[in-house]
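Participant: using only what follows, build the 3D model:
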Amino acid sequence: MRSMLPRFVSFLTGCALVASAAAAPRAHARALVQPVACAPVSFVVAQNRYCATHQKPQGSGGSYAGPGDTVPSGGVGKNAPADTAPPAGGSPNKPAVNGRPAMTPAPAQAPQGPTSPFLPATQAAEASNDANWWMWWEFNKTEFIQPNRVVVRLGLTTGIETPAEREALLQARLDLLRGGLDETFRDELKAADAIERSDATAAVGRMAGKASVDVLLAALEDPSLIVRQRAILALGSIANEPAFEALQKLAETGRVKPGVDICGAAQPLAVAALAIGRRVGLDDRADRLVERVTRARSPGVGDRVAVAAMIYQTVAPCAALEKLAFELASDEKLSTPVRCRALEAVARVGTEEAFGLIEKLLVGQDLELRRSAAIALGLTKHSRASLVGYEALQRENEPVTRGFLMVSLGRIADTLARTTLIEALEADAIGRPWCALGLGLAVRATLDDKALAALRKAEALERNADFRMAYWIALGLARDHGSVERLLAAHATNSDPVRQHYAATGLALIGSPAAHEGLVARLAAEKKAHSRVSLAAMLCTFGDPADVARVGDVAAGLKEPGLQALLAFGLGHHGSLDAIGYLSKRIAAKDTNAMTRAGCSAALGILLTRHEPFVLAKASHSSNYTVYESWMDELVQSTL
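Facilitator: Next up, the predicted model:
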């Protein structure tokens with residue numbers, strides 16, 4: 001069975017894959033790189049979806065067909081694009097393909113796939129390649145790499161303001177900056193390129209707040225599928241009555257206006273949007289609405305609505321959905337994707353009944369449920385969690401499930417869990433990268449010297465170059481200041497931009513002054529454009545004002561619009577007025593290309609958001625990504 005994984009290309013995939021194939025010209029690598037190198041790429045949902053978004057869809061899984069994409073005459077009514085998924089028939093253990101194109105095997109050697117520092121995105125892989133540790137990192141990275149919040153001087157204050165009052169003062173200052181971009185974003189919303197419009201739609205929803213409802217409702221009739229999908233999710237960032245009423249209609253019927261279909265996934269997307277709304281101010285009517293819609297779901301889109309409801313429960317947990325989650329996870333008649341997401345939601349409840357279900361499914365015959373149970377184990381706070389994980393690891397042979405168990409033991413991080421991982425690190429020939437990641441998580445939680453020493457020793461002894469990259473991420477997760485020099489050396493001695501990027505990511509995760517200084521030095525010495533983009537993007541995570549100029553210098557030397565767009569988006573994590581100023585000039589300049597303008601839109605939306613960004617990214621944390629279906633691409637790669 002092939003896993004249902006996002007097929008979009010991510011940050012540095014275009015550059016890293018091209019460079020990696022050049023360094024190691026394997027035929028299968030060139031087969032992957034060719035579309036990346038030659039297709040007219042565009043900037044979607046932050047840094048992801050390059051190339052894939054400007055390719056014509058294959059099968060029935062989508063309708064986006066390139067710049068200024070349009071649907072057949074008739075607009076978005078009865079003649080809307082055929083983007084609906086077929087019913088999930090057949091065995092409940094075989095989730096519907098949803099029209100996803102045939103998947104391309106990942107290269108056998110290096111993890112040639114996604115390398116985005118900010119958003120989950122993956123290149124499609126065969127089930128045999130799902131065991132690659134980097135897949136887990138792709139779907140969990142936003143838990144550990146988050147944007148810095150903009151800090152501005154509030155002027156004269158009394159010094160005794162409450163947090164709410166200080167927040168109001170901050171938003172008032174930011175409103176001046178938002179207002180200065182009104183004209184620019186009005187132009188972006190009318191851009192010929194659908195990617196520009198989609199990123200502007202999301203940004204306006206976050207920046208303009210309640211004033212943007214009419215803009216988003218109008219975007220629901222855009223000729224581009226991706227703009228309409230983005231508008232649905234953006235409505236969730238506006239916690240007012242008109243937005244809630246629109247999302248209620250979408251969740252119940254998939255429509256806002258009678259007879260006008262938005263897209264095949266309108267109902268589940270609306271449910272996910274309500275999860276954003278719940279976190280930013282909607283009341284518990286949203287909880288009751290999601291429960292009602294899920295229980296009354298129709299056969300055609302019912303599974304997707306149920307999965308979306310469990311995403312809601314993951315992102316915005318509520319009592320109204322706790323019982324429903326347990327029912328869905330326990331029902332053997334339901335499809336595997338529904339049960340998997342429900343099980344992950346149940347784990348967060350923490351009851352004895354929930355732990356018993358996890359323990360039961362962990363020894364069951366259904367592979368995907370075992371995988372989800374392995375992940376769910378790390379979410380529980382049960383006293384027996386590490387013992388159950390240890391025993392499961394002894395009997396489990398399937399590589400992905402073993403990997404998930406190792407990561408879960410790292411999240412549990414008690415003495416037994418750490419000891420198990422240290423022993424496995426020495427004995428497991430295949431699972432060493434997963435062990436390393438688990439130990440990184442354990443050290444992050446406990447600061448255990450013994451576990452850190454084992455991780456350092458194993459990295460030094462590791463001879464598999466591909467495995468070693470997992471150790472670099474693990475040392476970053478452990479925030480090991482003592483490993484800065486070894487990661488800098490790894491970056492300097494590797495010529496492959498993919499490997500360099502993992503070393504730079506480890507340094508950014510460590511986040512120390514020495515790591516920052518080292519990245520600056522590497523940027524000064526590095527000549528390859530792709531690697532310079534990676535270094536500059538990682539510097540953005542530190543929030544140092546001097547780095548904005550460094551990013552600008554890198555961008556000035558780039559010829560590839562895609563790389564320019566990546567850097568623009570990276571500044572969305574910088575959290576400074578300098579970054580806002582730079583992006584505002586770039587997006588307004590007449591000679592700025594469409595991709596870079598889209599990147600600027602996304603970055604400004606993050607910097608000037610009224611609420612937390614990347615809310616939906618939480619849905620990809622600690623989840624069984626091997627059963628993701630194509631309609632979820634928009635969720636797990638969203639900046640909303």
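Participant: can you name the element that comes right after the strand or helix carrying residue 503?
Facilitator: Per DSSP states H and E, residue 503 falls inside helix 497-510. Reading on from helix 497-510 to the C-terminus, the next helix or strand found by DSSP H and E is helix 513-525.
Participant: buried set for that following helix?
Facilitator: 515, 516, 518, 519, 520, 522, 523 (16 or more other C-beta atoms under 10 Å). Using the backbone N, CA and C atoms, a C-beta is placed for each residue, glycine as well.
Participant: and if you look at stretch 554-569?
Facilitator: Neighbour counts over stretch 554-569 (16+ other C-beta under 10 Å) mark 554-555, 558, 560-569 as buried.
Participant: thinking again about what came up before, dump the buried residues of helix 513-525 into JSON lines; add pLDDT and distance to residue 191 as well.
Facilitator: JSON lines is the format used below for those (pLDDT from 0 to 100; distance: C-beta to C-beta, whole Å):
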{"residue": "515", "pLDDT": "98", "distance to residue 191": "38"}
{"residue": "516", "pLDDT": "98", "distance to residue 191": "36"}
{"residue": "518", "pLDDT": "98", "distance to residue 191": "39"}
{"residue": "519", "pLDDT": "98", "distance to residue 191": "34"}
{"residue": "520", "pLDDT": "98", "distance to residue 191": "35"}
{"residue": "522", "pLDDT": "98", "distance to residue 191": "36"}
{"residue": "523", "pLDDT": "98", "distance to residue 191": "32"}
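Participant: residue 163: which of the residues you listed is nearest?
Facilitator: residue 516 (29.0 Å; C-beta to C-beta).
Participant: what's the pLDDT at the nearest residue to the closest one once chain neighbours are set aside?
Facilitator: Spatial nearest neighbour of residue 516, chain neighbours left out: residue 542 (4.9 Å); criterion: C-beta to C-beta, 6 or more residues apart in numbering. Looking at residue 542, its pLDDT reads 97.
Participant: residue 630 now?
Facilitator: Per-residue confidence at residue 630 stands at 86 (pLDDT).
Participant: next one: the one 5 residues further on
Facilitator: At residue 635, the model reports a pLDDT of 83.
Participant: ok, and the closest non-adjacent residue to it?
Facilitator: residue 616 (5.1 Å).
Participant: run through the stretch 351-500 of the chain and note the low-pLDDT ranges.
Facilitator: Applying pLDDT under 70 to the stretch 351-500 of the chain picks out no residues at all.
Participant: put the alpha carbons of the one helix or strand residue 402 maps to into CSV.
Facilitator: Using DSSP H and E, residue 402 sits within helix 399-412. Provided in CSV are the C-alpha atoms of helix 399-412 (Å, rounded to 0.1, in the frame of the first residue of the first chain):
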residue,chain,number,x,y,z
PRO,A,399,10.7,-0.2,10.5
VAL,A,400,8.3,2.8,10.6
THR,A,401,6.4,1.5,13.7
ARG,A,402,9.8,0.9,15.4
GLY,A,403,10.8,4.4,14.5
PHE,A,404,7.6,5.9,15.9
LEU,A,405,8.1,3.9,19.1
MET,A,406,11.6,5.3,19.5
VAL,A,407,10.5,8.9,19.0
SER,A,408,7.6,8.3,21.5
LEU,A,409,10.1,6.9,24.1
GLY,A,410,12.0,10.1,23.6
ARG,A,411,8.9,12.1,24.4
ILE,A,412,8.2,10.0,27.5
